[in-house]
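# I would like the atomic coordinates for the input below:
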Amino acid sequence: MSHSARELLPLHAPVIPFGHNPSAWSQRVPVAILATIGFAIAGYMALYQWGLIPWVWDPFFSGEEGKNGSEFVLTSETSHYMYRWFRVPDAAFGALAYLGDAIFGMAGSTRRWQTRPWIVIIFGFDVIPLGIVSIILVGCQGLVVGYWCFLCLVTAVISLILIYLAYDEVWSCLHYLRRVWRISEGDYGVMWKAFWGFPTDACYRAGDEMVAGSTS
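Model (predicted):
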């Protein structure tokens, strides 16, 4: 049967090895909600770093020079050092990353691990590596700056949850592309089409194998 006449298996079908659909709305809507909360918090801290608001809320930690822990961390020498490098407050980078998580988390269908791999790869890069870097930077606050920022810790927890919610979809997408590569016997043209979501027989076979392996 020509690939032009093929239809995908049900969009909600589970895939191996998870036994559920990693692109389901039940997973992606919580990602978008959490990312939006992270965007709001990081944007709030960026406004303080830009000097557009006079203070930042922190109910737990105290700093120096009449500042609470969050204010002290956000105006620390480390923060200024990063600003001199990138000319943008570090919290603004975090806000931009969370906005990307929310946008790419909602883009595409519930079968996008197969139909739009490029979206899942960009989404995964935004959530996982950048999330890990964010968590490491927050963890270094106590060691380098010597104080803690409550809202920074909240965003680190959000990043950790986002990584947990996103990793299975990214893994499924990479596994799908690896199967396409194997079925097409290393055809770069087929891989290129698969990455951008243009179906070929190899793409259908790879997707069917992943779904059939989960339902058999």
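
# distance of Leu116 relative to Ala95?
Heads up, residue 116 is Arg, not Leu. In this structure, Arg116 and Ala95 are 25 Å apart, going by CB to CB, to the nearest Å. The C-beta positions use only the backbone N, C-alpha and C, and glycine is treated the same way.

# same thing with Phe72?
For Phe72, the distance to Ala95 under the criterion CB to CB works out to 20 Å.

# same thing with Trp57?
The value you get for Trp57 to Ala95, if CB to CB is used, is 16 Å.

# in contact with Phe72, which residues?
Gly63, Glu64, Glu65, Val145, Tyr147, Cys149 (CB atoms under 8 Å, 6 or more residues apart in numbering).

# over to Ile37?
For Ile37, the set of contacting residues under the criterion of CB under 8 Å, 6+ apart consists of Ile158.

# point me to the helix or strand that includes it.
When secondary structure is defined using DSSP states H and E, the element that contains Ile37 is helix 25-49.

# what's the answer for Gly124, then?
Gly124 is part of helix 117-140 when elements are defined by DSSP H and E.

# can you check what angle separates the longest helix anywhere in the chain from helix 25-49?
As assigned by DSSP state H, the longest helix anywhere in the chain is helix 150-183. Helix 150-183 runs at 140 degrees relative to helix 25-49, counting by axes from the mean of the first three to the mean of the last three CA atoms, to 10 degrees.

# from Tyr167, how far out is the most centrally placed residue in the chain?
Centroid-nearest residue in the chain, with CA atoms, centre = their mean: Val127, separated by 1.9 Å. According to CB to CB, Val127 stands 8 Å off from Tyr167.
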